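Q: sequence isn't available, so here's the structure alone:
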């Protein structure tokens, strides 16, 4: 199974999610693909994700994760806890610090859903933090230095023992992401 995890205030209808869906449909149509619409609280989102991961593992499916931004943060937690491999796209390293700027009411631009980001959510994120990566071989990290939302150097520091692609320029959306999908799928064990 490939589990694609979108970022904060995003959705399964994001551009990267659509690119993954299209690529998998063309090249790995028999591979189960999950792109859930995540709950707005970290604790509920992780419960959702574990509710997908645990039955898949129980059925003997290899765990393959792909996460963008906050989805990369969640993917790190899942790969460290359950195994499998993860491709991280401009991952959030310390979202409990980053999202302090977003405390208060929010509206998802994809779904129109209104929700509130609270200090309690920062504590929930901190509880999911994998401060040390014990299995760096499980990670391929894709970074662009022009990311206007996240400091890519935080991800370089955290994931430097794993495989990494660092491109100059670009932005938080990861410009040209589709060009990396073949290598990302090979890393995840999709022939």
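A: Cool, got the structure. Small disclaimer: the values here were computed from a predicted structure and weren't measured.
Q: strands of this protein, start to end?
A: 2-5, 33-34, 64-68, 85-89, 104-107, 114-117, 139-144, 163-167 (DSSP state E).
Q: would TSV of the ones you listed with mean neighbour count, mean pLDDT and distance to residue 14 be doable?
A: Yep, even glycine has a C-beta here, placed from its N, CA and C like the rest. Listed next are the strands of the chain as TSV, based on neighbours: other C-beta atoms under 10 Å; pLDDT from 0 to 100; distance: least, C-beta to C-beta, whole Å:
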stretch	mean neighbour count	mean pLDDT	distance to residue 14
strand 2-5	25	98	10
strand 33-34	16	96	15
strand 64-68	28	98	8
strand 85-89	28	98	11
strand 104-107	11	95	15
strand 114-117	14	95	17
strand 139-144	24	98	16
strand 163-167	15	97	20
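Q: of all these, which one comes closest to residue 188?
A: Checking those against residue 188 by C-beta to C-beta gives strand 64-68 as the closest, at 4.1 Å.
Q: for that closest one, name the packing helices and strands.
A: strand 2-5, helix 70-82, strand 85-89 (3 or more C-beta pairs under 8 Å, 6 or more residues apart in numbering; DSSP states H and E).
Q: bridged to the residue positioned nearest the centre of the chain, which residues?
A: Taking C-alpha atoms, centre = their mean, the centroid of the chain lies closest to residue 67, which sits 1.8 Å from it. On the basis of DSSP bridges, residue 67 is bridged to residue 5, residue 88.
Q: might you report the residue contacts of it?
A: Counting by C-beta atoms under 8 Å, 6 or more residues apart in numbering, residue 67 makes contact with 4-7, 73-76, 86-89, 91.
Q: now the longest helix along the chain: buried residues?
A: In the chain, with assignment by DSSP state H, the single longest helix is helix 42-58. The neighbour-count check on helix 42-58 (16 or more other C-beta atoms under 10 Å) flags 42, 45-46, 48-49, 52-53, 56 as buried.
Q: closest to residue 137 among those residues?
A: Using C-beta to C-beta, residue 53 comes nearest to residue 137 of these, at 19.1 Å.
Q: so the closest one makes contact with residue 75?
A: No - at 10.5 Å, residue 53 and residue 75 do not qualify as touching, with contact defined as C-beta atoms under 8 Å.
Q: quick check: residue 169 touching residue 143?
A: No - with contact defined as C-beta under 8 Å, residue 169 does not reach residue 143; the gap is 11.2 Å.
Q: so who does residue 15 touch?
A: 173, 177.
Q: measure it to residue 68 for me?
A: Residue 15 sits 10 Å away from residue 68, going by C-beta to C-beta, to the nearest Å.
Q: likewise residue 50?
A: Taking C-beta to C-beta as the measure, residue 50 falls 19 Å from residue 68.
Q: what of residue 118?
A: Going from residue 118 to residue 68 by C-beta to C-beta gives 23 Å.
Q: quick check: which ranges of the protein have low pLDDT?
A: By pLDDT under 70, the chain contains no weakly predicted segment.
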